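S.K.: Provided below are the primary sequence and the corresponding predicted coordinates.
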Amino acid sequence: MINVAVLGYGTVGSGIVEVIMTNKELIEARMGDSIQVKHILDLRKFPGDPYEALVTDDYNVIVNDPEVNIVCEAMGGTKPAYDFTRRALEAGKSVCTSNKAVVAEFGPELMKIAKENNCNYLFEASVGGGIPIIRPLNQSLTPEKVESITGILNGTTNFILTKMEREGSDFADVLKEAQAKGYAEADPTADIEGHDAARKIAILSSIAYGKTVDFKTVHTEGITKISSEDFAYAKKAGATIKLFGKSSDVDGKVYALVAPFMIFSEHPLYAVNDVFNGILVHGNTLNDVMFYGSGAGKLPTASAVVSDIIEAAKNLGNPLYCGWQEGEITLSDLADAKRKFFVRTKKDAKAVEEAFGKVCFIDGGIAGECGFITEVMSEKEIKAAAEKVEAVSVIRVE
Ligand code: HSE
């Protein structure tokens, strides 16, 4: 019998219980054992909830229960989630989590504790919601030298950008809708300023390139400066704007950033809309492989946690391989990274060509300004040229 405890009975936590109860028979058949949810930890009471009797507000009941083999942490934030996770692992209980804040900040330490105690710390749901990406990186893609990862990694911002593009909706209204649907973080600043995506690209990069990429060192820009005018130009150019988390390993130099990108219809991530996420991985012999699915929301995220429960149950006493090993990667300076850029300015074409040389103008139909796409230039060069024309908007192009 696998006894599970769920920490946090919010959106994801209640989803975990729902997925287990809905698919109990097939989960047990695939796991080769029976499963029950034995405890739910939450400070709140849930009168009338079918699992009300399982709810406790005392973590000691869970961590001291020798029958509990797997703990699911769906609390969010690092306090007290990190401490509870550590204590569960030290007690030899595997932990499955959706909490990217804890994974990004304490992942290597917690995996080490898991290994020392013959259990597992698994975090499939921490990136891409319901999309399988952590396990593929750790299992299916192990023959590859991963050269780059490009992802739409935040459901809330993709939902907002899609609505802005299609309906010209107001940013604040769409954000409220995303919150109501349970996509956004408790503090949605983490979504719209790109911090959530930064944690996710740091987690993926740490697994792909083998050592910790500290999310705090990832250059991060959000979507709060993206306007309907930017979308007007994008539309005229046959493009759209997406928030990317991106990293690459070029001859041992690792680059990582989170920023809005203008992309064209040929781009594999162009059609990833609404709350969906997409992750494009490039391996040196495999070439491109893309993962697509629901990037946020109760049941998709819970399904990913339950997939970890099954994996942990099949590997009791057997710590699994993870590509994310000890040590840190120092990210290379983005200043020399080269690409094209979309720029808007109130200066005229002559001033633009003086600052940028040859560019490709787009008629966005907006009076008193012009928009254009540059030739390939470095981040350092674009910064200087954009200052010369007092650019209203600068967006990377891929
Ligand atoms: N707030 C996150 C998002 C939840 O919108 O993608 C899933 O990690």
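M.R.: Noted; the coordinates are in hand. Please read all numbers here as calculations on a predicted model, not as lab measurements.
S.K.: Could I get the pLDDT score of residue 140?
M.R.: Reported pLDDT at residue 140 in the predicted model: 97.
S.K.: before we move on, what about the one 3 residues further on?
M.R.: The model reports residue 143 with a pLDDT of 97.
S.K.: Grab the nearest non-local neighbour of it.
M.R.: Of all residues not flanking residue 143 in the chain, residue 285 sits nearest, at 7.1 Å (C-beta to C-beta, 6 or more residues apart in numbering). Quick note: C-beta positions are derived from backbone N, CA and C, even for glycine.
S.K.: Pretty sure that neighbour sits against residue 142.
M.R.: No: assessed by C-beta atoms under 8 Å, residue 285 is found out of contact with residue 142, at 12.0 Å.
S.K.: If you count surrounding residues, which of the two has more?
M.R.: Neighbour totals were compared for residue 285 and residue 142, and residue 142 leads with 10 against 7 (other C-beta atoms under 10 Å).
S.K.: Please tell me I have it right and that one contacts residue 323.
M.R.: Yes: using C-beta under 8 Å, residue 142 is in contact with residue 323, at 7.3 Å.
S.K.: What count of nearby residues applies to the residue in the stretch 1-150 of the chain that the ligand sits nearest to?
M.R.: Closest residue of the stretch 1-150 of the chain to the ligand, C-beta to the nearest ligand atom: residue 129 (5.1 Å). Neighbour count of residue 129, defined by other C-beta under 10 Å: 29.
S.K.: now do residue 24
M.R.: Number of residues near residue 24 (other C-beta under 10 Å) recorded here: 14.
S.K.: Then residue 48?
M.R.: Residue 48 has 6 neighbours, counted by other C-beta under 10 Å.
S.K.: what do you get for residue 314?
M.R.: The number of residues packed near residue 314 is 14, by other C-beta under 10 Å.
S.K.: Let me see the contact set for residue 178.
M.R.: Contacts of residue 178 were listed using C-beta atoms under 8 Å, 6 or more residues apart in numbering, and they are 155, 156, 159, 160, 184, 188, 191, 275.
S.K.: how about the residues you listed, which pair is most distant?
M.R.: 188 and 275 (13.7 Å; C-beta to C-beta).
S.K.: Give me the common contacts of those two.
M.R.: Contact criterion C-beta under 8 Å, 6+ apart; residues bridging residue 188 and residue 275 by contacting each: 156, 178.
S.K.: Look at these two and report which has more neighbours.
M.R.: residue 275 (23 against 18).
S.K.: Would you mind confirming that residue 328 is in contact with residue 217?
M.R.: No: contact between residue 328 and residue 217 fails when scored by C-beta under 8 Å: they sit 9.1 Å apart.
S.K.: Which of those two has more residues huddled nearby?
M.R.: residue 217 (15 against 12).
S.K.: any idea how far that one lies from the ligand?
M.R.: Separation of residue 217 from the ligand (C-beta to the nearest ligand atom, to the nearest Å) stands at 21 Å.
S.K.: Helices along the chain, start to end?
M.R.: Assigned by DSSP state H, the chain shows helices spanning 11-22, 24-31, 59-63, 81-90, 100-116, 134-138, 155-167, 171-180, 189-192, 195-209, 228-236, 298-314, 349-356, 379-388.
S.K.: how distant is the first one from the center of its chain?
M.R.: Going back to what we said before, that points to helix 11-22. 21 Å (C-alpha atoms, centre = their mean, to the nearest Å).
S.K.: before we move on, back to that, would you enumerate the residues in contact with the residue nearest to residue 143?
M.R.: Taking C-beta under 8 Å, 6+ apart, we find residue 285 in contact with 143, 144, 145.
S.K.: Tally up the residues packed near residue 172, please.
M.R.: 8.
S.K.: which residues does the closest residue to the ligand within the stretch 251-398 of the chain contact?
M.R.: Per C-beta to the nearest ligand atom, residue 296 is where the stretch 251-398 of the chain lies closest to the ligand, at 3.7 Å. By C-beta under 8 Å, 6+ apart, the contact set of residue 296 is 129, 154, 155, 156, 182, 183, 184, 275, 277.
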